[in-house]
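[1] Okay, sequence plus prediction incoming.
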Amino acid sequence: MNQNQTPLLDAITDFIETKPAYFRIPGHRLDQGISRRWTDKVGADIFAYDVTETPFTDDLHSPEGAISEAQELLCALYEADRSFFLVNGSTCGNEAMIISAALEGEKIMVARNAHKSAMMGLIISGATPVYVMPEVLDDWGIQGGITAEAVRACFAKNPDCKALFMVSPSYYGVCSDLAEIAKVCHEYGALLLIDEAHGGHMYFHDDLPMGALQAGADLCVQSMHKVTGALTQSSVLHIKSHGVNDETLSRVAQNLHLVQSTSPNYLLMTSLDCARYELAMHGTEMMKKALELAESTRKRINCIPGFCCIESGKMSKEAENAGVKAIDGTRLVISAKKLGITGFALDEVLFQKYAVNVELADYENVLAIVTYANEQEDMDRLVEACEAVSREWISESSSQQKSKVSDSKMPPFPVLPEQVMTPRRAYFAKSKMISWKEAVGKISGQMIAPYPPGIPVIYPGERITREVWEYIERFRADGRHLHGADSDGKLEEIKIINE
Ligand SMILES: Cc1ncc(COP(=O)(O)O)c(C=O)c1O
């Protein structure tokens, strides 16, 4: 297919050029009715592209024109069998994958480090999750991969699982051996569903890890807004029929109606059309730039006293043992724990003092995501800020900062709590609020996930063990952001199921 086209962008442009008297939604009438406060800052032109299903611009929920062509170009680029634009992020894609694979009374294997959108999919589907645990990369205090052996062992106990849902790469760029895992899933007649929210760029350079579709996944979801030039919330779902039958395929299309707005945003969809065009035309150069920027920065950070940055090339023995097949070289996992600085404290000082803003922090590391759109100047600022932190921390005069140093070890992820009922049953069960301090031993009516990365520690329907409580309490007591906590985010109370 000729990738040198942008059908949706062109269709909207053609529509605008008709200079229509506009009586449709949205009410702002192309670029006329947006607040001047906003247009004075950003200009008005972009708002003309915020249209709806006009005679030129097709319909995401029943595409047969420009959107259909744009999706076909995407599909060809990723060598998938079918591809869909998503306007509610990978969140809705993960939900759609799960509800297409397993329903009430059926089992689905879910990696325990799955994003909370997996839990939302489980609530909608009613399926019974069977969890498979990721390994741990102890030196870095982050999760490793899911091993094919762990998947096989879980299938041996649960051969009736309809699918495996897992994330690869993780937020930190950790990729599991999907080719081996796909073989195991397909031996058991199960689908492999991959949350590739962080990996849509990996198909465009040989030095990046292998993409899920290339490794044998049946369905995969990618947040194009996280790693390419698409706008926030713009994601895609691909199907590659390694093991998908026609019924599942048509269920995916149907289920996308269930989880997406009936007013899909055309700015988001146009951004997907244009991001695909850029990847098709310049993907290799874009990824080469990102990889080179990241690699040279990694080397520089590794020379800063007290700092280190996870290596992405050949995997260490520790990484291999932790199920890590590869690490995305564009992710910089940076630690200054040798200086006694937690990731959280580093994150704060980098931004407050040096206006260097990284993606996330944990107890041990910060994570900087490098893309093709970064410039050398950004990298220099990151390195120089780390150098300054190192100097200040080492010097005698940093007593004020040293007071921030706390135990910088990430608490170990708790062992699986007992699942008393499915997430769906628990979500809709009769419940009450009790003090968080009294929660041990109770069945949780909600999920709780430190955010980012948004991985639930407890799912609705699970009994809260002392270990789970203490893990969450560590984040709560330190004032960390928790998703699923009550309205003020402080987790003073928790919803529990009436017993
Ligand atoms: C692993 C993973 N999956 C899914 C999501 C949800 O993606 P989106 O923000 O596109 O809805 C996230 C968000 O951070 C994520 O980290």
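    Yes, it's here.
[2] And the residue of the chain found nearest the ligand, how far from residue 296?
    Evaluated by Cβ to the nearest ligand atom, the chain has residue 89 as its residue closest to the ligand, separated by 2.3 Å. Quick note: C-beta positions are derived from backbone N, CA and C, even for glycine. Distance of residue 89 to residue 296, computed by Cβ to Cβ, to the nearest Å: 32 Å.
[3] Neighbour count: these two, which is higher?
    Neighbour count, other Cβ atoms under 10 Å: between residue 89 and residue 296, residue 89 has more, with 21 against 13.
[4] For that one, give its distance to residue 236.
    11 Å.
[5] need the strands for the stretch 51-200 of the chain, in chain order.
    82-86, 107-111, 128-132, 136-137, 142-143, 161-167, 174-175, 191-195 (DSSP state E, counting those that start in this stretch).
[6] List the neighbouring strands of the fourth one plus their orientation.
    In the sheet containing strand 136-137, its partner strands are strand 142-143 (antiparallel), by DSSP bridges.
[7] just the last one next, same as before
    For strand 191-195, the paired strands and their directions (DSSP bridges) read strand 161-167 (parallel), strand 219-222 (parallel).
[8] Deepest-packed of these, please.
    Highest mean neighbour count of these: strand 219-222, a mean of 32 (counted as mean count of other Cβ atoms under 10 Å).
[9] close to the ligand, is it?
    No: on the criterion Cβ under 6 Å from any ligand atom, strand 219-222 is out of touch with the ligand, staying 7.4 Å away.
[10] helix or strand right after that strand?
    Per DSSP states H and E, the first helix or strand lying C-terminal to strand 219-222 is helix 224-227.
[11] Show me what that following helix is packed up against.
    strand 235-239, helix 266-302 (3 or more Cβ pairs under 8 Å, 6 or more residues apart in numbering; DSSP states H and E).
[12] residues of that helix that come out buried?
    Buried residues in helix 224-227, counting neighbours by 16 or more other Cβ atoms under 10 Å, are found at 224-227.
[13] Columns distance to residue 471 and pLDDT on top of those residues, output as CSV?
    Converted to CSV, the buried residues of helix 224-227 look like this (distance: Cβ to Cβ, whole Å; pLDDT from 0 to 100):
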residue, distance to residue 471, pLDDT
224, 33, 98
225, 30, 98
226, 26, 97
227, 30, 95
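[14] Pick out the residue nearest the middle of this structure.
    Residue closest to the mean C-alpha point of the chain, counted by Cα atoms, centre = their mean, is residue 197 at 4.2 Å.
[15] Ramachandran angles for that residue?
    Per-residue torsions, residue 197: phi -50, psi -30 (degrees, to the nearest 10).
[16] separation between it and residue 459?
    Distance, residue 197 to residue 459, by Cβ to Cβ: 19 Å.
[17] Make a markdown table out of the strands of the stretch 51-200 of the chain and add distance to residue 207.
    Shown next, in a markdown table, are the strands of the stretch 51-200 of the chain (distance: least, Cβ to Cβ, whole Å):
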| stretch | distance to residue 207 |
| --- | --- |
| strand 82-86 | 25 |
| strand 107-111 | 26 |
| strand 128-132 | 29 |
| strand 136-137 | 21 |
| strand 142-143 | 22 |
| strand 161-167 | 21 |
| strand 174-175 | 13 |
| strand 191-195 | 20 |
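[18] Run through the stretch 251-400 of the chain and note the low-pLDDT ranges.
    396-400 (pLDDT under 70).
[19] can you pull out the helices in the stretch 251-400 of the chain?
    266-302, 317-321, 343-354, 376-394, 399-402 (DSSP state H, counting those that start in this stretch).
[20] Make CSV out of the ones you listed and add distance to the ligand.
    Shown next, in CSV, are the helices of the stretch 251-400 of the chain (distance: least, Cβ to the nearest ligand atom, whole Å):
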stretch, distance to the ligand
helix 266-302, 11
helix 317-321, 19
helix 343-354, 16
helix 376-394, 21
helix 399-402, 30
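[21] Of all those helices, which one comes closest to residue 444?
    With Cβ to Cβ as the measure, helix 343-354 is the member of the helices of the stretch 251-400 of the chain nearest residue 444 (25.3 Å).
[22] Just want the angle from that closest one to helix 376-394.
    For helix 343-354 against helix 376-394, the angle by axes from the mean of the first three to the mean of the last three Cα atoms, to 10 degrees is 110 degrees.
[23] So that it lines up with my notes, have the first residue be 516 from now on.
    Sounds good: first residue 516 from here, last item helix 858-869.
[24] Mind listing what's buried along helix 858-869?
    For helix 858-869, the buried set under the neighbour-count rule, 16+ other Cβ under 10 Å, comprises 858-862, 864-865.
[25] related to what we said a few turns ago, in TSV, list the strands of the stretch 566-715 of the chain along with mean pLDDT.
    Shown next, in TSV, are the strands of the stretch 566-715 of the chain (pLDDT from 0 to 100):
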stretch	mean pLDDT
strand 597-601	97
strand 622-626	98
strand 643-647	97
strand 651-652	90
strand 657-658	90
strand 676-682	97
strand 689-690	97
strand 706-710	97
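[26] Quick one: end-to-end distance for stretch 532-541.
    End-to-end distance of stretch 532-541 (Cα to Cα, to the nearest Å): 18 Å.
[27] Now tell me what touches that stretch from outside.
    544-545, 565-567, 569, 778 (Cβ atoms under 8 Å, 6 or more residues apart in numbering).
[28] Identify each buried residue in stretch 620-640, please.
    Buried residues in stretch 620-640 (16+ other Cβ under 10 Å): 622-640.
[29] Quick check: residues of the chain near the ligand?
    So the chain meets the ligand at 604-606, 609, 630, 632, 682, 686, 710, 712-713, 738, 750, 968-969 (Cβ under 6 Å from any ligand atom).
[30] pretty sure residue 580 contacts residue 573?
    Yes: proximity of residue 580 to residue 573 meets the contact threshold set by Cβ atoms under 8 Å, at 3.8 Å.
[31] Give me the more crowded residue out of the two.
    Under the neighbour definition other Cβ under 10 Å, residue 580 and residue 573 were set side by side, and residue 573 has more, 23 against 16.
[32] need the contact list for the closest residue in space to residue 876 that isn't next to it in sequence.
    In space, and not counting its chain neighbours, residue 876 is closest to residue 862: 3.6 Å by Cβ to Cβ, 6 or more residues apart in numbering. For residue 862, the contacting residues are 873, 875-876, 881, by Cβ under 8 Å, 6+ apart.
[33] shouldn't the residue of the chain closest to the ligand be in contact with residue 740?
    Yes: counting by Cβ under 8 Å, residue 740 is a contact partner of residue 604 at 7.5 Å.
[34] any shared contact partners between the two?
    Both residue 604 and residue 740 are in contact with 747-750, where contact means Cβ under 8 Å, 6+ apart.
[35] Just the buried residues of the residues you listed.
    748-750.
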